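1. Sequence below, structure please.
(one chain, ligands or ions: 1)
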Amino acid sequence: MYSEKVMDHFSNPRNMGEINDADGVGTVGNIKCGDIMRIYLKVEDNIIQEVKFKTFGCGAAIATSSMATELVKGKTIQQALEVTNKAVLEALDGLPKVKVHCSLLAEEALRAALWDYAQKHGIKIDGLKQPKTDIGEHDHGDDDEDIY
Ligand code: FES
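-> The predicted model follows:
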């Protein structure tokens with residue numbers, strides 16, 4: 001049912017955790033299942049130097065976030081915007097249809113984190129719209145809740 005790549009990223013997720021002094025943080029919820037995803041970014045000279053995620057999501061959300069963070073690490077902001085859920089799904093050799101909504105969390109949280117970064121640094125990122133789903137918990141890591 002799941003590809004080997006999905007199973008690998010689910011069993012050994014890359015970039016799971018948080019960044020305490022993140023430059024941008026995006027938190028989104030999945031309207032279909034109520035799960036939550038948060039992505040943290042460190043950006044320097046327009047390059048994503050570090051990226052981490054935490055989630056209340058299912059295995060498919062973990063695998064897609066793991067792959068999405070791998071795909072954007074070391075990339076420019078413009079390149080990161082090209083990492084859509086479709087690109088992530090392709091990199092994972094697909095997901096069962098009923099789990100595709102889970103893959104949206106990574107793309108949306110990434111965009112929300114980039115939006116947060118742009119807001120905090122007073123810049124405009126071409127092609128990036130204000131995320132509708134950002135639930136706005138920009139506490140930069142001093143969580144009192146655990147969302148792994
Ligand atoms: Fe909620 Fe997968 S079921 S993210």
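2. residues from this protein in reach of the ligand?
-> 30, 33, 35, 57-58, 60-61, 102, 105 (C-beta under 6 Å from any ligand atom). Every C-beta, even on glycine, is put in place using the N, C-alpha and C of the backbone.
3. again, only this time at 8 Å
-> With C-beta under 8 Å from any ligand atom as the criterion, the chain meets the ligand at residues 30, 32-35, 37, 55, 57-61, 99, 101-102, 105.
4. And for G24, nearest residue in space, chain neighbours not counted?
-> Nearest residue to G24 in three dimensions, chain neighbours excluded: Y117, at 2.9 Å (C-beta to C-beta, 6 or more residues apart in numbering).
5. Please state the offset of the host helix or strand of that neighbour from the chain centre?
-> Secondary structure from DSSP states H and E places Y117 in helix 100-121. Helix 100-121 has its average C-alpha position 6 Å from the chain's average C-alpha position, going by C-alpha atoms, centre = their mean, to the nearest Å.
6. ok, and for it, which residues are buried?
-> For helix 100-121, the neighbour count (16 or more other C-beta atoms under 10 Å) marks 100-118 as buried.
7. Kindly report the same for stretch 2-12.
-> 2, 6, 8-10.
8. remind me which residues of this protein are low pLDDT?
-> Where the chain drops to pLDDT under 70, the residues are 133-148.
9. go again using 80 as the cut-off
-> For the chain, applying pLDDT under 80 flags the ranges 132-148.
10. Quick one, which of the residues of the chain next to the ligand are buried?
-> Counted by 16+ other C-beta under 10 Å, these give 30, 35, 37, 55, 57, 59-61, 99, 101-102, 105 as buried.
11. All the helices of the protein, in order from the start?
-> Ranges of helices in the chain, per DSSP state H, are 4-11, 59-72, 77-81, 85-91, 100-121.
12. how about these, which one is nearest L41?
-> Nearest to L41, of all the helices of the chain, is helix 100-121, at 4.8 Å by C-beta to C-beta.
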